[in-house]
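*Asks:* missing the sequence, but the structure's below:
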């Protein structure tokens, strides 16, 4: 496995350049969703904005043949990944910036998230009524997912969040990101503990 690619791992989502491919009409917020889908979107907003911290373990697949595993924490506006595999690394994403520190090589990678799908998760607060467009919502017994893009430039990438939905409470189960160049990362979460989460109305 190429160490440079592996070190970049999640940071590869930060590549943002489509140039002349940009175009089309911008659709913002919750446009085109049913009343039920809008209600589900507001549940996700409440979950992501609830003060406190969500923590647990994660397994990362991609981009390409790269991956990793370790512990994560999320709180409104910030995501932290502490890798124990393939070796010790720390990723800190907050607001519009990401820093990946590789303890093995000593390399530090700094990335702007201002035009990147991961940045959609780190708005403070997360609101689906302006800069973030909800492109799709799907629900099934015990599970749901929501797909997000930049309202003014959806071709920059797509972020899909998946949740377990038990006893009318959401629990983050995975994050699936695809950037403008097709780099694809899936992070699966487990052993999740959290603050009280907004129940379904």
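*Replies:* Ah, there it is. None of the values given here were measured: they were computed from a predicted structure.

*Asks:* alpha carbons only for contacts and neighbour counts from here, please
*Replies:* Will do.

*Asks:* State which helix of this protein is the longest.
*Replies:* Counting residues, the longest helix found in the chain (DSSP state H) is helix 35-49.

*Asks:* For it, name the packing helices and strands.
*Replies:* Contact here means 3 or more C-alpha pairs under 8 Å, 6 or more residues apart in numbering; DSSP states H and E; on that basis helix 35-49 packs against strand 132-140.

*Asks:* where's the following helix or strand past the strand it packs on relative to the chain centroid, distance-wise?
*Replies:* Going down the chain from strand 132-140, the next helix or strand is strand 143-150, by DSSP states H and E. Chain-centre distance of strand 143-150: 10 Å, with C-alpha atoms, centre = their mean, to the nearest Å.

*Asks:* on that earlier part again, any buried residues in the longest helix of the chain, and which?
*Replies:* Under the neighbour-count criterion of 16 or more other C-alpha atoms under 10 Å, helix 35-49 has 37-38, 40-49 buried.

*Asks:* Compute the inter-axis angle for it and strand 132-140.
*Replies:* On the basis of axes from the mean of the first three to the mean of the last three C-alpha atoms, to 10 degrees, helix 35-49 is oriented at 110 degrees to strand 132-140.

*Asks:* Give me the mean pLDDT for helix 35-49.
*Replies:* Regarding helix 35-49, the rounded mean pLDDT is 95.

*Asks:* can you check stretch 177-184 too?
*Replies:* 88.

*Asks:* And it, how far out from the chain middle?
*Replies:* 12 Å.

*Asks:* That stretch spans what distance, first to last residue?
*Replies:* 6 Å (C-alpha to C-alpha, to the nearest Å).

*Asks:* So which bits of that stretch are buried?
*Replies:* Quick answer for stretch 177-184 (16+ other C-alpha under 10 Å): 177-181, 183-184.
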